[in-house]
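1. the sequence and its predicted three-dimensional model are supplied below.
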Amino acid sequence: MKIYSMAELANCSNAQSHILGNKILLLEGQLPLPKDRSAASFAFESLVFVVCTAGRLRLNMDSTAIVMREGNLLALMPRQVIQMAESEGFEGKYLFLSKEILSHSLVKMNSFVSIANKLHNKPLNHLGTEQHVFFTSILDLIRQTLHNRNSHKEEMIIHVLQTLFYFVDDLLSEKAESNGKPSRANTICRNFLLLVSDHHKKEHTVKFYAEKLCLSPKHLALTVKNVMGESALKIINDFIILQAKSQLRYTDKTIQEIGYELNFSTQSFFGKYFKQHTGMSPGEYRSLDNQAALQTEAERED
């Protein structure tokens, strides 16, 4: 199965593209895939939002048939298996978001924790006229910001993305209310995510969250895995790492202070944990990010 990166999509696409490193890509026009692709199944490395502006598209997502029409909004999870069926004059706007840009956008929000679960359960949604105008306006603002040579470009985009996710959360909440009561499993996952959002800085075990939900750890783990496709422990770890990355990038706190805030007994323990999940030490991550910021500033001055 072929997994497309942002760089590949930007290079192969006939659509108009706007890109910020490997963090965010905005495309407009026909479906951004190579004409000569050989793989029947493919996926994207990033989270993708697609809004249909013309035509019709049929595809399979994890063996589920999807039909997109004008005014539809589709969310594709990172590495979600896709099979193309048929395109009838399909055109759209495509927003690709890397895990890094997502981490810096979402970690600052208090109500994002149920969005991933909602998108997993209902990836295709219809936008009303006003909703379509609002969503495309957000994409236009992102496009304009990508062309801005301001040194705070990425921070500006992060704030715009927060607006986008609040919009998506409200949209999905309205759809859920109109479709009736959510299933028991979905309710468990939503409450689990809310608890992890509130307590991940201090509580790192599945057992703690299971007790809060009056469930056995095994029941919670199986429910989360079945509904969300990831283990409960991985989700907890993801929250911790996202918080750590945000602190390393946006604060002047020492690595030791960040480790203590995230309930690691020593800086060494925090460093080993961070490297296990990211492949680099906290210091290396902070240094790499600072180098990228300096490069961006140098390019802006050129």
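-> Cool, the structure landed.
2. pLDDT weak spots in the protein?
-> Low-confidence segments of the chain (pLDDT under 70): 13-17, 32-40, 85, 104-114, 117, 150-151, 175-182, 289-302.
3. mind listing the helices for it?
-> Using DSSP state H, the helices found in the chain span residues 6-12, 99-106, 115-121, 129-146, 153-178, 184-199, 206-212, 217-228, 232-250, 255-261, 267-278, 282-301.
4. rebuild these as CSV, extending it with distance to Glu28 and mean neighbour count.
-> To be clear about C-beta, it is placed using only N, CA and C from the backbone, and glycine gets the same treatment. Converted to CSV, the helices of the chain look like this (distance: least, CB to CB, whole Å; neighbours: other CB atoms under 10 Å):
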stretch, distance to Glu28, mean neighbour count
helix 6-12, 12, 17
helix 99-106, 19, 20
helix 115-121, 22, 19
helix 129-146, 8, 15
helix 153-178, 16, 16
helix 184-199, 33, 18
helix 206-212, 42, 18
helix 217-228, 31, 17
helix 232-250, 29, 19
helix 255-261, 39, 18
helix 267-278, 33, 16
helix 282-301, 24, 13
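5. so which of the ones you listed comes closest to Thr64?
-> helix 115-121 (11.4 Å; CB to CB).
6. CA atoms only: put that closest one into PDB for me.
-> The C-alpha trace of helix 115-121 is given here as PDB (Å, rounded to 0.1, in the frame of the first residue of the first chain):
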ATOM      1  CA  ILE A 115     -13.300  15.400  17.800                       C
ATOM      2  CA  ALA A 116     -11.200  12.400  16.700                       C
ATOM      3  CA  ASN A 117     -13.800  10.000  18.000                       C
ATOM      4  CA  LYS A 118     -16.600  11.800  16.300                       C
ATOM      5  CA  LEU A 119     -14.700  12.000  13.000                       C
ATOM      6  CA  HIS A 120     -13.900   8.300  13.200                       C
ATOM      7  CA  ASN A 121     -17.600   7.500  13.600                       C
END
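7. still on that earlier bit, can I get the helices of the chain in CSV including distance to Gly21?
-> Output for these, formatted as CSV (distance: least, CB to CB, whole Å):
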stretch, distance to Gly21
helix 6-12, 8
helix 99-106, 9
helix 115-121, 23
helix 129-146, 11
helix 153-178, 9
helix 184-199, 28
helix 206-212, 35
helix 217-228, 28
helix 232-250, 14
helix 255-261, 24
helix 267-278, 18
helix 282-301, 8
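8. go through those helices and name the closest to Gly89.
-> It's helix 129-146; of the helices of the chain, that one is closest to Gly89 (CB to CB) at 18.3 Å.
9. my guess is Leu26 contacts Lys93, does it?
-> Yes: with contacts counted by CB atoms under 8 Å, Leu26 reaches Lys93, the gap being 7.3 Å.
10. all strands of the stretch 1-150 of the chain, in order?
-> Counting by DSSP state E, counting those that start in this stretch, the stretch 1-150 of the chain has strands at residues 2-4, 16-20, 24-29, 41-44, 47-61, 64-69, 72-76, 82-97, 124-126.
11. and Ala75, how many neighbours?
-> 22 (other CB atoms under 10 Å).
12. go ahead and confirm it touches Asn121.
-> No: applying CB under 8 Å as the test, Ala75 and Asn121 come out as separate, 10.7 Å apart.
13. so which of the strands of the stretch 1-150 of the chain gets nearest Ile142?
-> strand 24-29 (5.8 Å).
14. so what strands line up beside that closest one?
-> strand 16-20 (antiparallel), strand 82-97 (antiparallel) (DSSP bridges).
15. Phe167: which of the ones you listed is closest?
-> strand 82-97 (12.4 Å).
16. give me the buried positions along the closest one.
-> Neighbour-count burial for strand 82-97 flags Ile82, Gln83, Ser87, Phe90, Glu91, Gly92, Lys93, Tyr94, Leu95, Phe96, Leu97 (criterion: 16 or more other CB atoms under 10 Å).
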